[in-house]
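K.L.:
Turn this into a structure:
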Amino acid sequence: MPGVGKINALSIFPVAMLNNSVFAFMNFMQPYVLEQHLGIARNIQGAVTGSVATMQEIMILLLTAVMGALADKVGRRPVFAIGLVLMALAYFCFPLMTNFYEIYFVRAIFAVGVSAASTVLLIYTGDYPQEQSRGRLIGIMGFFQGIGVTVTSLVLVKMPSVFTERGFDPIESGTYTLWIGTLICLLAAIIVFIFLKPGLHQKQQNTSSFKKLFTEGLQAARSDADIRLAYFASLAARGDLIVVGLFTFLWTQNYALDNNMSIQEGYARGAMIVPIIASTVLVTAPIFGFIIDRIGRMYGIMIAFFLASLGYTAMGFIDNPMSNSIIPVAILLGMGEGAAIISSTAMIGKRAPTAIRGTVFGAFAMCGAVGQVIAGGVGGFLFDYIYTGPYLLMGFLNFTVLLLAIYTWYIRKKMR
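P.N.:
Residues are numbered from 1 along each chain as shown. Modelled structure (predicted):
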């Protein structure tokens, strides 16, 4: 958009990469902390993971709309930077926990940071690109986010083993690894504060009351079927992220321990599956962004959620994550996950009214938090009965969004 400089536009990509990396890294490392730092019994790790995730996502659910409205009132950069600093604090405290209950306190700090940083990152996808190239910018951003998750799953999750080989005990190794996350968060906060603009339409901040902003955001959803569809799409797409991040390593770790293998072998397998998914997002995100700029937002959502429902359902029927049959399924899942995120974000970016963009994006993120509550809470409950239960759950939710998109498209076509 006019007024957005090259440095501003280019800076959003490394910020997106680092933000996605630290969001995923916390979930990737939690099974290690439960096993090595706190000694939580394996038969309840799914429930523990699900309950912690549910608490975190309920907080995000309650805060995202507030963060969106706050970004409209005080500006994008301060909300984003403070969120990243809070995430850095959570990373610093996470390995210092001495009992189970402290997990909730640390993840609560993390939740406040995530709600601020992730909501404002979404708002920038509305502020920076012009409509005709919005899909491409979001696709390229998805490419960088894929790099963040790939490097995290290939390199950072292996750091405990690196520290252990150098003579540190398992707890020290986990501690130093998580403190790397602190440094990444602080680096991202510096980039945000120095290089990003307050926002295209935020040179003069919105002076409306929070109550009026929330009312206008709700009215936008009531009057626009595309915004409603984008909200439901956000619910499924963001739930997808938490299932891959929370349960893949927990699945491979527990499967390995159940079959007389080591925790390192389980983590190594997870460190192969997650990068395949993330690398697929990395490769296909820019391509899909270009496609949806050509075919339109509605067709993009239908294609995306068809792929996502197929990928997650197929993953739900995998019995052995150590088998190579999981590789093509992981690729399909990665295609669907990336496409779902890009298509839903492009849709809301197109339809969100300029004056209340932050508020509408906050509600969009809030719906994503609802999806993550469902994925974490219900998924964690299902995990203790069947390891692939969370994937089957997301297959069902993605298929439901596909049906809603087809219905919305049909009604619109019938009204013409």
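
K.L.:
can you give me the helices in this protein?
P.N.:
6-32, 45-74, 76-93, 102-127, 134-154, 159-165, 170-195, 210-223, 225-258, 263-295, 297-316, 326-351, 357-383, 389-415 (DSSP state H).

K.L.:
how about the ones you listed, which one is nearest L38?
P.N.:
Closest to L38 of the helices of the chain, according to CB to CB: helix 102-127, at 7.8 Å. (Each C-beta comes from the backbone N, C-alpha and C, glycine too.)

K.L.:
Quick one: mean pLDDT over the closest one.
P.N.:
For helix 102-127, the mean per-residue pLDDT is 87.

K.L.:
quick one: it to helix 225-258, angle?
P.N.:
Per axes from the mean of the first three to the mean of the last three CA atoms, to 10 degrees, the angle that helix 102-127 makes with helix 225-258 is 140 degrees.

K.L.:
Can you mark which positions in helix 102-127 are buried?
P.N.:
For helix 102-127, the neighbour count (16 or more other CB atoms under 10 Å) marks 103, 106-107, 109-127 as buried.

K.L.:
again, but for stretch 158-174
P.N.:
M159, P160, S161, F163, F168, P170, S173, G174.

K.L.:
Could you single out the nearest of these to I58?
P.N.:
I58 lies nearest to G174 out of the buried residues of stretch 158-174, by CB to CB, at 26.5 Å.

K.L.:
Would you agree that closest one is in contact with L96?
P.N.:
No - judged on CB atoms under 8 Å, G174 makes no contact with L96 at a distance of 10.6 Å.

K.L.:
How much space separates A340 from Q253?
P.N.:
As judged by CB to CB, to the nearest Å, A340 and Q253 stand 26 Å apart.

K.L.:
now swap in V281 and tell me
P.N.:
23 Å.

K.L.:
who has more neighbours, the two?
P.N.:
Between V281 and Q253, counted using other CB atoms under 10 Å, V281 has the larger neighbour count: 28 against 25.

K.L.:
show me the contacts for the more buried one.
P.N.:
V281 is in contact with G142, Q145, G146, V149, G334, M335, E337, G338, counting by CB atoms under 8 Å, 6 or more residues apart in numbering.

K.L.:
Among those residues, which one sits closest to G289?
P.N.:
Using CB to CB, the contacts of V281 come closest to G289 at G142, 6.8 Å.

K.L.:
Can you tell me the closest non-neighbouring residue to that closest one?
P.N.:
Nearest residue to G142, sequence neighbours excluded (CB to CB, 6 or more residues apart in numbering): A285, at 3.0 Å.

K.L.:
L235 now?
P.N.:
G371 (3.7 Å).

K.L.:
For R238, see how far away that neighbour is.
P.N.:
Noted for G371: a distance of 5 Å to R238, by CB to CB.

K.L.:
Likewise for D258?
P.N.:
In terms of CB to CB, D258 sits 30 Å off from R238.

K.L.:
For the two, indicate the residue with more neighbours.
P.N.:
R238 (26 against 11).

K.L.:
Next, count neighbours for I342.
P.N.:
31.

K.L.:
Surely it touches D293?
P.N.:
No - in this structure, I342 is not within contact of D293 by CB under 8 Å, at 10.5 Å.

K.L.:
any residues in contact with both of these two?
P.N.:
In contact with both I342 and D293: G135, using CB under 8 Å, 6+ apart.

K.L.:
rewinding a little: give me the pLDDT value at the residue nearest to L235.
P.N.:
On the pLDDT scale, G371 gets 83.

K.L.:
contacting residues for it?
P.N.:
Contacts of G371 by CB under 8 Å, 6+ apart are S234, L235, A236, A237, R238, G239, D240, I242, L397.

K.L.:
List buried members of these by neighbour count.
P.N.:
Judged by 16+ other CB under 10 Å, buried ones among the contacts of G371: S234, L235, A236, A237, R238, G239, D240, I242, L397.

K.L.:
Among the buried residues of stretch 158-174, which one lies nearest to S51?
P.N.:
Using CB to CB, G174 comes nearest to S51 of the buried residues of stretch 158-174, at 20.9 Å.

K.L.:
Give me the nearest residue to Q264, chain neighbours excluded.
P.N.:
Going by CB to CB, 6+ apart, Q264 has S161 as its nearest residue, at 6.3 Å.

K.L.:
how near is that neighbour to P2?
P.N.:
In terms of CB to CB, S161 sits 50 Å off from P2.

K.L.:
Thanks a lot, see you next time.
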